[in-house]
Structures are given as structure tokens and as C-alpha cells.
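> pasting the sequence and the predicted model now:
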Amino acid sequence: MPYVKVPEFKSNDTISADDFNEAFSSVQVVCDKLDGSNFSDESLGFDEIPDEVALTKNDHLASHRHTFSGATVNHSDGLPDPFSDFTLDLYAGRRLQDFTHPKNNNITATGLTGGEKFIIRASCRIYIPDMGARTYYDGVPAVIKVGLFQFPGEDSITSGSINANTKRLRSTEQHFRVAFSGKVPSASSGSQEAKDETGLDLDPRDRTIDLNWEYRDTRGDLDSSSKPGDKYDHHDPAQNGNKLPLGGYFSYTTCYLYEHPVIGSPNSTQSFGILCYLSGMEVGIGGSVSSDAGGSDGCVSPKPLPGSITNGSLHMYQVRR
């Protein structure tokens, strides 16, 4: 590795002005040739360099780092899926804060010219709760989609706004789903058939859905004088999470290289942010997404509970050669 050699000064020696100037003249020659292009950010993390240090200064970056946490991601069934249309890279739907654009996260570069390149890094932790999707035998757990999107011409984003030029950055898209889901407990197994077959003294439940094998828990509808205290158990997915322990924790991370176009009329301001979409839970045969429970309704049905994002982080820095 090249280095600059300077004369060695020993302790207690007298140093003349000429000796000092001679020793550091070679260092000054090197320093005069240094500028910002001699340093590379790739080897230095943003957490290691204070913002005021010249090495990280870049007039283009209105916001080079954005962090967010505790973002709620509501179930989005019925809303447009930002990831669904694979025939078009543009997304003209609304950026709803609690459904698709949590915490309105974004980083921005301004005053861009053609050919400039930037690296955008994004990461977050994702949690999907166990929503009881397997209460009915063919239920399917929900899936969350996460990806980086580009917002041309915007340095801030209003919740619910639309930008027809919003671009899906397909290479950054990832999908997450828990492999298994809990089953909300019920007493529906106490059927007349089970009583006849086992000879046990079971309290049969009403067959109210299907004449073949489906039953509902009727506890709570019985006469309180004959069956005191015989009440249904709620087992509400929203309130009894400890009985549904199969929620999923995931890590999302991505890196994207953006090059500002040379031709055309690209907007000199570009923002980037994470969008997500939580949906797809199938409650299975006979099920419905509701809050009803107990009595003739049986156990609580699956619920589309919200997911959450923590430790969200977006970084953006210019590629300089």
C-alpha cells in the first residue's frame, strides 16, 4: 500500500522551521490533490460517520436515511394490490399509510442529472400474527408482500395520495407467509355420533351447518338453571393470542441500484419507499370473517388481524467513481 515517508523527529530534539516544512511538504502535496472523488462511501457505514463530516455530504440527497418502527399494516382485502399487475411496472393506486405505505416512509434525491447512480438499501422486521385461519380444516394463513417503490417528482407523500408514475421495483419484491396456523378451540367434537360410538356421557352439540359431519358449540345457549356456568370459551384470536402461538417473524432486506435516465424528460426529484400488502387469508369451509362467537355460532371465526413492521430502515448514497 503506498504511503508518504516523513523524517522522524526524536523526543527532546530541537526542530527548526526548515526541518518541519521539509517534513510535511510531501504530505501537503498529496493533500492538495485530494477531493471528494478520492473517497468511497462503500466501505463506510452511515452509522460510523457523523452527518457533518464532508465525506458524506451530497447536495442531491434531501434525505439519505429514514428509519421507522411500530408501523401497523392492516389487512388489505378489498383494496388494490400494488404487487398484482405483472403486465405493467407502474402503480396508480392510493398510497394508504396503514395499508400499503406504513409510516409514509421515503428517502429523496433532488437536482438529479442523467447518468448519476444511487444505491438504495431497505430493511425491516415483519410480524404476522396467528389469525386462527385453520379453525376450519382448509383455511389458509395470510401472506404479506413487501417491496421498494419509486415515487417520481415527490419529496413528500400524503397518505392516500395517487401518483400515476409510481413504479414497482420488481427485483425488490418478497412474499412472506407462516407455514402453519393455529385452530381456534371449540366443543364441536361433542357430537351425537361421538356419544353413540364411545358410550361416553357426552353433552351432544347441535348439528346446525351440515348433516354429515359439521357441528357447532351450543354452550351459552343452554338453560342457565339446568347448566349453570356452562358458557362458551371465546378464544378470540385478537384477545387470546397465547392460545394461537404460530405467528411468524420475518426479515426483509433489499438493495437496488438506481441510475437517473440520460434521455427523455425524467423528473430531477426522485423518492423511494417501502410498500406492503397483507391479505389472502382463507377461512375455510363454513367459516366467515367475523367477531361472532359462542352459542349456536360456535367458536370464534378467524380474524384478519393487522401485522406490524419494526426496525424499518432506508439508506441511499451516490455511486461515485
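Sure, I can see it. Numbering: from 1, shown residues only.
> angles on the backbone of residue 134, please.
Per-residue torsions, residue 134: phi -90, psi 20 (degrees, to the nearest 10).
> so it sits against residue 142, correct?
No: Residue 134 lies out of contact with residue 142 (C-beta atoms under 8 Å); the separation is 11.9 Å. C-beta: built from backbone N, CA, C; applies to glycine.
> more crowded one of the two?
residue 142 (26 against 22; other C-beta atoms under 10 Å).
> so what's that one up against?
75, 128, 131, 133, 177, 278-281, 304, 307 (C-beta atoms under 8 Å, 6 or more residues apart in numbering).
> what are the ranges of the strands in the stretch 101-250 of the chain?
107-109, 117-128, 143-152, 167-168, 174-177, 248-259 (DSSP state E, counting those that start in this stretch).
> quick one: closest of those to residue 69.
Residue 69 lies closest to strand 117-128 among those, at 8.6 Å (C-beta to C-beta).
> sheet-wise, list the partners of that closest one with their directions.
If you go by DSSP bridges, strand 117-128 pairs up with strand 248-259 (antiparallel), strand 307-318 (antiparallel).
> just the angle between the first one and strand 143-152, please?
Taking axes from the mean of the first three to the mean of the last three C-alpha atoms, to 10 degrees, strand 248-259 and strand 143-152 form an angle of 20 degrees between their directions.
> quick one: low-confidence parts of the stretch 101-250 of the chain?
In the predicted model of the stretch 101-250 of the chain, residues 136-137, 184-243 satisfy pLDDT under 70.
> so what's residue 83 closest to, chain neighbours aside?
residue 145 (4.7 Å; C-beta to C-beta, 6 or more residues apart in numbering).
> just checking, the one you found touches residue 274?
No: using C-beta under 8 Å, residue 145 makes no contact with residue 274, being 10.8 Å away.
> between these two, which one's more packed in?
With neighbours defined as other C-beta under 10 Å, residue 145 and residue 274 compare such that residue 274 has more, 27 against 21.
> just the pLDDT at that one, thanks.
Note for residue 274: predicted pLDDT of 95.
> so which strand or helix has it?
Assessed by DSSP states H and E, residue 274 sits inside strand 270-279.
> need the CA coordinates for that strand. PDB is fine.
The C-alpha trace of strand 270-279 is given here as PDB (Å, rounded to 0.1, in the frame of the first residue of the first chain):
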ATOM      1  CA  GLN A 270     -37.000  11.000  -7.000                       C
ATOM      2  CA  SER A 271     -38.200   9.400  -3.800                       C
ATOM      3  CA  PHE A 272     -38.100   5.700  -2.800                       C
ATOM      4  CA  GLY A 273     -40.000   3.900  -0.100                       C
ATOM      5  CA  ILE A 274     -41.400   0.500   1.100                       C
ATOM      6  CA  LEU A 275     -44.900  -0.500   0.200                       C
ATOM      7  CA  CYS A 276     -46.600  -3.600   1.600                       C
ATOM      8  CA  TYR A 277     -49.800  -5.600   1.200                       C
ATOM      9  CA  LEU A 278     -51.300  -8.000   3.800                       C
ATOM     10  CA  SER A 279     -54.100 -10.200   2.500                       C
END
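> that strand to strand 117-128, inter-axis angle?
With the same axes, to 10 degrees defining the directions, strand 270-279 sits at 20 degrees from strand 117-128.
> so which bits of strand 270-279 are buried?
With burial defined by 16 or more other C-beta atoms under 10 Å, the residues of strand 270-279 counted as buried are 270-279.
> contacts only, for the nearest residue to residue 160 once chain neighbours are set aside.
Leaving aside its sequence neighbours, residue 160 sits nearest to residue 94 (C-beta to C-beta, 6+ apart; 5.2 Å). Neighbouring residues of residue 94 by C-beta under 8 Å, 6+ apart: 79-80, 100, 160-162.
> now do the contacts for the spatially closest residue to residue 126 that is not a sequence neighbour.
What sits nearest to residue 126 in space, not counting adjacent residues and going by C-beta to C-beta, 6+ apart, is residue 250, at 4.4 Å. Applying C-beta under 8 Å, 6+ apart to residue 250 gives the contacts 125-128, 144, 176.
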